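>>> What follows is a predicted structure for the sequence shown.
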Amino acid sequence: MNRTRRLRTTGGIRSLVRENQLKIDDLIYPIFIEEGKGIKKEIESMPGIFRFSLDILPEELDAVKELGIRAIILFGIPDSKDEIGSETWNDQGIIQKSIRFIKKHYPELYVITDVCFCEYTSHGHCGIIHNNDVDNDATLKNLSKQAISHARAGADMVAPSGMMDGMIRTLRESLDKEGFYQLPIMSYAVKYSSSYYGPFRDAADSAPSFGDRRTYQMDPANRREAFREADFDKEEGADILMVKPALSYLDIIRDLRNNYNIPIACYNVSGEYAMIKAAGEKGWIDEQKVMMESLLSMKRAGADLIITYFAKEVARLLREQQ
């Protein structure tokens, strides 16, 4: 008789033969920064996640540093919005000020910036609108302005999320031309038009005022299309490929892991976070165990990096287990 249970009999042997480990260094923590002062505003649909103004931000950064989290990704909520999202390349914009502040006072933190427009446009879409749709090529020009502004402020990495065709080539060429050839690009290469993004739109005031984003984000029914998107972005110079969302797209994470030799990231998005939190509050699940199992599944699927709102809780738990 084959006895596979021999390797499960004790915690010691299970630990020795465990194939995947979740580590603090795998985690990237999203932070929402709002223009203004004295702001610490909990996001109703994302318990435990807040918007911070820059003067209150050290409270969050101190906690992140203490827990050993090394990487953060920034999302900004500006004072004003317009049709083209011009605040994104304002050198005195909320993200640019935040980058400079963090690099000065928390130089050990690795600062990634989301490069997109939905939080900054009056219509909530990810670029310039022509004929009731996002104009791809016109938007690319503004993406370059935004990324260069972030680079000049001191960002360690930029992460374009708008799913514009040609965005990686455009950013790579623009950054190189400005002397930022060492700055990596993490591409939201495979980003689905997902219903799991709802709470994020509350967090960032980024819900579209008309229509939806299906003309530029991927159809959830499609798997093979992910290879096309990832192929193009890798060829154009992406240093890291991301899959978003994570939990419902573990097959896509595995597909990319099997076919590309560069780091693979995934985004454990707001809806995934909110569902676990809500069920945990109801007592329907063991929130902590489901949280850890969910993130471990992303590692098992092949993700090297995980952007997650659970980062602080996971880091705290991992440290307790050491």
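All right, it came through fine.
>>> all contacts plus neighbour counts: C-alpha atoms, from now on.
OK.
>>> In terms of pLDDT, where does Asn259 sit?
Asn259 carries a pLDDT value of 97.
>>> How about the one 10 residues further on?
At Val269 the predicted local confidence, pLDDT, stands at 96.
>>> How about the contacts made by Asp183?
Check again: residue 183 is Leu, not Asp. Residues near Leu183 by Cα atoms under 8 Å, 6 or more residues apart in numbering: Ala151, Asp156, Met157, Val158, Leu175.
>>> Just say helix, strand or coil for the last one.
Per DSSP: H, G, I helix; E, B strand; the rest coil, the local secondary structure of Leu175 is helix.
>>> picking up where we left off before, for the contacts of Leu183, which single residue is the most surrounded?
Val158 (24 neighbours; other Cα atoms under 10 Å).
>>> What's opposite it in the beta bridge?
Thr113, Ile185 (DSSP bridges).
>>> picking up where we left off before, check the contacts of Leu183 and tell me the two furthest apart.
Asp156 and Leu175 (12.5 Å; Cα to Cα).
>>> just to revisit the earlier point, mind putting the contacts of Leu183 in JSON lines, distance to Thr121 and pLDDT included?
Listed next are the contacts of Leu183 as JSON lines, based on distance: Cα to Cα, whole Å; pLDDT from 0 to 100:
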{"residue": "Ala151", "distance to Thr121": "21", "pLDDT": "97"}
{"residue": "Asp156", "distance to Thr121": "25", "pLDDT": "98"}
{"residue": "Met157", "distance to Thr121": "23", "pLDDT": "98"}
{"residue": "Val158", "distance to Thr121": "19", "pLDDT": "97"}
{"residue": "Leu175", "distance to Thr121": "23", "pLDDT": "97"}
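>>> Any chance of TSV for those, columns distance to Tyr273?
Formatted as TSV, the contacts of Leu183 follow (distance: Cα to Cα, whole Å):
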residue	distance to Tyr273
Ala151	30
Asp156	26
Met157	24
Val158	24
Leu175	34
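>>> which of those residues lies closest to Ala63?
Using Cα to Cα, the contacts of Leu183 come closest to Ala63 at Asp156, 20.4 Å.
>>> need the contact list for the closest one.
Tyr110, Val111, Ile112, Leu183, Pro184 are the contacts of Asp156 under Cα under 8 Å, 6+ apart.
>>> Now the helix or strand containing the second one: average pLDDT?
Val111 is located in strand 110-115, with elements delineated by DSSP states H and E. Across strand 110-115, pLDDT averages out at 96.
>>> do the same with stretch 78-85
Mean pLDDT, computed over stretch 78-85, is 76.
>>> Check which helices and strands the helix or strand harbouring Arg316 sits against.
Using DSSP H and E, Arg316 sits in helix 311-321. Counting contacts by 3 or more Cα pairs under 8 Å, 6 or more residues apart in numbering; DSSP states H and E, helix 311-321 is packed against strand 27-34.
>>> give me that answer again for 10 Å
strand 27-34, helix 57-66, helix 287-301 (3 or more Cα pairs under 10 Å, 6 or more residues apart in numbering; DSSP states H and E).
>>> for the ones you listed, which one ends up most surrounded?
The highest average neighbour count among the helices and strands packed on helix 311-321, using mean count of other Cα atoms under 10 Å, belongs to strand 27-34 at a mean of 22.
>>> just the CA coordinates of that strand, formatted as PDB?
This file holds the C-alpha atoms of strand 27-34, laid out as PDB (Å, rounded to 0.1, in the frame of the first residue of the first chain):
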ATOM      1  CA  LEU A  27       3.900  41.400   0.000                       C
ATOM      2  CA  ILE A  28       3.100  44.800  -1.400                       C
ATOM      3  CA  TYR A  29       0.800  47.000   0.600                       C
ATOM      4  CA  PRO A  30      -1.500  49.500  -1.100                       C
ATOM      5  CA  ILE A  31      -1.900  52.900   0.500                       C
ATOM      6  CA  PHE A  32      -4.500  55.600  -0.400                       C
ATOM      7  CA  ILE A  33      -3.300  59.200   0.100                       C
ATOM      8  CA  GLU A  34      -5.800  62.000  -0.100                       C
END
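>>> Could you tell me the angle between that strand and helix 287-301?
When axes from the mean of the first three to the mean of the last three Cα atoms, to 10 degrees is applied, the directions of strand 27-34 and helix 287-301 differ by 120 degrees.
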